[in-house]
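Chemist: coords please:
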Amino acid sequence: MNDGNGSEMPLIRMRDVRKVYPHPAGDVVALDGVTLEIGHGDFIAIMGPSGSGKSTLLNLIGCLDLPTSGEVSIEGRNVRDLSDDELTELRRDCIGFVFQTFNLLPLLNVVENVEFPCILKEGSRGCEERFLPVLKAIGIERDLFSHRPSELSGGQQQRVAIARALVNDPRLILCDEPTGNLDTKAGSQVMELLMDLNRRGRTVVVVTHDPRIAAYAKRKIEMMDGRIV
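Modeler: The predicted model follows:
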């Protein structure tokens, strides 16, 4: 998709974005005039200390929240112009989320956790042609398919979480401290996996405080006090 001038339209475009959270003791400015473009196939690390606005920025990119002011567009669509149903469809079909705490459903096994977004999209089970190739690509063996999250290691849980994020073939993968609860070896394996997905054309955005994790990215963004520095 191009922007009408012959150049490719960014996947994400943010213009002078502010996010303010009302608080009885005084409003909290989480983002303060952020302008940013993320292209198709980018691999970006967002860095900064706690409270710098990293997770807020990720939430706005992922349409989990809306800006107080400014513009956030995904493939040329201003998120403010989308209905709640359209935002839900955008998150479900175009964006995969990977969280530090995995967020797997504890009563579901590996297959059921990975299949869940597919069921939400298709409205029924029978998504084997979708989730089996993803599980294979992620490196989850069949003998783990019936295991629940509590029966998996941290690295295995994060792989399942990544498989769940990929099952609907999103163009954008958003990761909030995806290695924060993993040991060094498992964390490196997860980042190698994200690099491989990026090489296959997916756009990856990772929030991290760890320079070793940020080193995997093509581009680094430093944040401080709600601004890109």
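Chemist: just the helices from this structure, written as ranges.
Modeler: 54-61, 84-94, 110-122, 128-138, 154-166, 184-199, 211-214 (DSSP state H).
Chemist: worst average pLDDT in those helices?
Modeler: Of all the helices of the chain, mean pLDDT reaches its minimum on helix 128-138 (a mean of 80).
Chemist: for it, give me every contacting residue.
Modeler: 110-111, 114-115, 118, 145, 159-160, 162-163, 166-168, 193 (CB atoms under 8 Å, 6 or more residues apart in numbering). For the C-beta atoms, the positions are set from N, CA and C on the backbone; glycine is no exception.
Chemist: would you mark the buried spots in it?
Modeler: 130, 131, 134, 135, 138 (16 or more other CB atoms under 10 Å).
Chemist: from the middle of its chain, how far away would stretch 113-123 be?
Modeler: Centroid separation for stretch 113-123 versus its chain: 17 Å, with CA atoms, centre = their mean, to the nearest Å.
Chemist: same question for stretch 155-164.
Modeler: 13 Å.
Chemist: and what of stretch 205-215?
Modeler: 13 Å.
Chemist: likewise stretch 72-88?
Modeler: 17 Å.
Chemist: ends of that stretch, how far apart?
Modeler: 16 Å (CA to CA, to the nearest Å).
Chemist: list the buried residues in it.
Modeler: Quick answer for stretch 72-88 (16+ other CB under 10 Å): 72, 73, 74, 79, 82, 87.
Chemist: just put the residues you listed in TSV and tack on distance to residue 226.
Modeler: Formatted as TSV, the buried residues of stretch 72-88 follow (distance: CB to CB, whole Å):
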residue	distance to residue 226
72	15
73	20
74	21
79	19
82	24
87	23
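Chemist: tell me the one of the residues you listed nearest residue 122?
Modeler: For those, the closest approach to residue 122 (CB to CB) belongs to residue 87, at 19.4 Å.
Chemist: before we move on, back to that, may I see the ChimeraX selection of the buried members of the contacts of helix 128-138?
Modeler: Of those, the buried ones can be selected in ChimeraX as follows, counting by 16+ other CB under 10 Å:
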select :110,111,114,115,118,159,160,162,163,166,167,168,193
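Chemist: same list, the contacts of helix 128-138, but as CSV with distance to residue 30 please.
Modeler: Shown next, in CSV, are these (distance: CB to CB, whole Å):
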residue, distance to residue 30
110, 35
111, 37
114, 32
115, 35
118, 33
145, 40
159, 31
160, 30
162, 27
163, 31
166, 29
167, 31
168, 29
193, 30
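Chemist: and which of the contacts of helix 128-138 is nearest to residue 64?
Modeler: residue 168 (16.4 Å).
Chemist: chain neighbours aside, what residue packs nearest to the closest one?
Modeler: Closest residue to residue 168 apart from its sequence neighbours, by CB to CB, 6 or more residues apart in numbering: residue 117 at 5.3 Å.
Chemist: how about the one you found, what does it touch?
Modeler: Residue 117 touches 92, 164, 167, 168, counting by CB under 8 Å, 6+ apart.
Chemist: ok, now which ones touch the second one?
Modeler: In other words, residue 164. Applying CB under 8 Å, 6+ apart, the residues near residue 164 are 96, 104, 113, 114, 116, 117.
Chemist: so the second one touches residue 158, yeah?
Modeler: So the one you mean is residue 104. No - the criterion here is CB atoms under 8 Å, and residue 104 misses it with residue 158 at 9.4 Å.
Chemist: out of these two, which sits in the busier spot?
Modeler: residue 158 (29 against 23; other CB atoms under 10 Å).
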